[in-house]
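J.: Kindly generate the corresponding structure for this input.
(one chain, ligands or ions: 2)
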Amino acid sequence: MITFPNAKINLGLNIVEKRPDGYHNLETIFYPVPVEDALEVNILNEGNEKFRLHQAGLEIEGEAENNLVVKAYKLLDAEFNLPPVDIHLFKHIPSGAGLGGGSSDAAYMLKLLNEKFNLELTNETLEEYAARLGADCAFFIRNTPTYAEGIGNIFSPISLSLKGYQIVLVKPDIFVSTREAFAQIKPHRQPVPLKEVIKYPMKEWRELMVNDFEESVFPQFPGIKEIKEKLYRQGAIYAAMTGSGSSVFGLFKPEDTKTAEEDFGEKAFVYRGVLK
Ligand SMILES: C[C@](O)(CO)[C@H](O)COP(=O)(O)OP(=O)(O)OC[C@H]1O[C@@H](n2ccc(N)nc2=O)[C@H](O)[C@@H]1O
Ligand SMILES: Nc1ncnc2c1ncn2[C@@H]1O[C@H](COP(=O)(O)OP(=O)(O)OP(=O)(O)O)[C@@H](O)[C@H]1O
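T.: Ligands and ions are numbered 1, 2, ... in the order given. The predicted structure is shown next:
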């Protein structure tokens with residue numbers, strides 16, 4: 001069975017307070033983006049291992065045991081004693097990019113195992129498992145535009161469709177540590193809450209919709225800020241960093257034909273697509 005875990009962007013990201021457990025409460029809107037990994041799982045009929053992981057495409061740091069798809073398998077295996085599996089993961093979504101690629105792989109692994117082995121878990125239960133694997137993992141279970149609070153795991157649906165808008169996504173060759181980015185933030189509430197901002201026309205978002213990480217990440221990595229400025233010069237209606245970086249996205253009108261012109265350098269990962 002094969003599935004295609006997609007990436008996300010954050011439309012606005014406000015870090016509102018630090019919690020006693022060291023994590024931060026935030027407010028954000030997750031929107032799915034059609035940049036995809038491929039994840040295939042078959043029953044493993046040879047050897048004694050419970051799983052084998054074969055990776056291709058972009059490299060992922062760390063041991064196979066720490067791969068989030070393996071953690072997702074182990075979580076369900078502990079409960080349901082699953083058959084041994086042969087896992088193939090093709091990485092296309094850059095890691096450490098604010099695109100949630102690892103979280104998406106984990107959530108799609110849970111969904112795939114649920115279907116393949118007829119576990120009959122509801123979306124609510126799958127979201128509970130996903131939340132144990134990463135802060136924003138649970139979003140990818142339903143994978144629809146979502147307003148998120150808490151540590152990024154308390155959801156309410158929003159009626160927002162950007163269907164047909166073009167997206168240019170640029171990930172420079174810069175690594176931003178999520179943990180360090182959070183450590184540099186002074187939590188506060190924005191004057192206009194994100195839930196209100198989203199109701200304004202997209203051209204107003206430039207003034208009102210904020211990713212709080214930009215304030216600390218841009219001075220440290222001016223190259224990331226330059227990408228945002230380039231996207232605006234190119235005609236983006238709205239551009240911002242996603243997550244804690246280092247990717248930046250620009251949203252362009254469906255009819256705009258000039259989005260392919262700017263050069264973001266040889267080492268950058270650039271994706272141009274259309275939102276669903
Ligand atoms: C910034 C976002 O990308 C927004 O979508 C996510 O909240 C980050 O989610 P993530 O990469 O899955 O983060 P995790 O791997 O769970 O956490 C990495 C580190 O970020 C910090 N962290 C994360 C999420 C959160 N709400 N508060 C935090 O303070 C913690 O120090 C944690 O150890
Ligand atoms: N399947 C996986 N794909 C990518 N990274 C993985 C995976 N499994 C474990 N990881 C680890 O998780 C880390 C973060 O990966 P991920 O792609 O979720 O980061 P991100 O783009 O910063 O996402 P976020 O928006 O959640 O901050 C990587 O540095 C990697 O070591």
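J.: Once you drop chain neighbours, what's closest to F51?
T.: Nearest residue to F51, sequence neighbours excluded (CB to CB, 6 or more residues apart in numbering): V85, at 5.2 Å. No exception for glycine: its C-beta is placed from N, CA and C like everyone else's.
J.: contacting residues around the one you found?
T.: Applying CB atoms under 8 Å, 6 or more residues apart in numbering to V85 gives the contacts 41-44, 50-52, 73.
J.: doesn't N10 fall inside a strand?
T.: Yes - N10: assigned to a strand according to DSSP: H, G, I helix; E, B strand; the rest coil.
J.: Tell me which residue is most central in the protein.
T.: G100 (2.5 Å; CA atoms, centre = their mean).
J.: Tell me who's in contact with the spatially closest residue to L58 that is not a sequence neighbour.
T.: Closest residue in space to L58, ignoring its immediate chain neighbours: K91 at 4.1 Å, by CB to CB, 6+ apart. By CB under 8 Å, 6+ apart, K91 lies in contact with 37, 55-60, 101.
J.: farthest-separated two in the residues you listed?
T.: Greatest spacing in the contacts of K91, by CB to CB: A56 and G101 (14.4 Å).
J.: quick one: which of the two has more around it?
T.: A direct count of neighbours by other CB atoms under 10 Å for A56 and G101 places G101 higher, at 25 against 11.
J.: List the residues that contact the residue nearest to the centre of the chain.
T.: Counting by CB under 8 Å, 6+ apart, G100 touches 7-8, 30, 136, 139-140, 243.
J.: Also within reach of ligand 1: list those from those residues.
T.: Residues of the contacts of G100 in contact with ligand 1 (CB under 6 Å from any ligand atom): 136, 243.
J.: Take the contacts of G100 and write them to JSON lines, including neighbour count and pLDDT.
T.: Formatted as JSON lines, the contacts of G100 follow (neighbours: other CB atoms under 10 Å; pLDDT from 0 to 100):
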{"residue": "A7", "neighbour count": "27", "pLDDT": "98"}
{"residue": "K8", "neighbour count": "27", "pLDDT": "98"}
{"residue": "F30", "neighbour count": "27", "pLDDT": "98"}
{"residue": "D136", "neighbour count": "25", "pLDDT": "88"}
{"residue": "F139", "neighbour count": "28", "pLDDT": "96"}
{"residue": "F140", "neighbour count": "26", "pLDDT": "97"}
{"residue": "G243", "neighbour count": "24", "pLDDT": "97"}
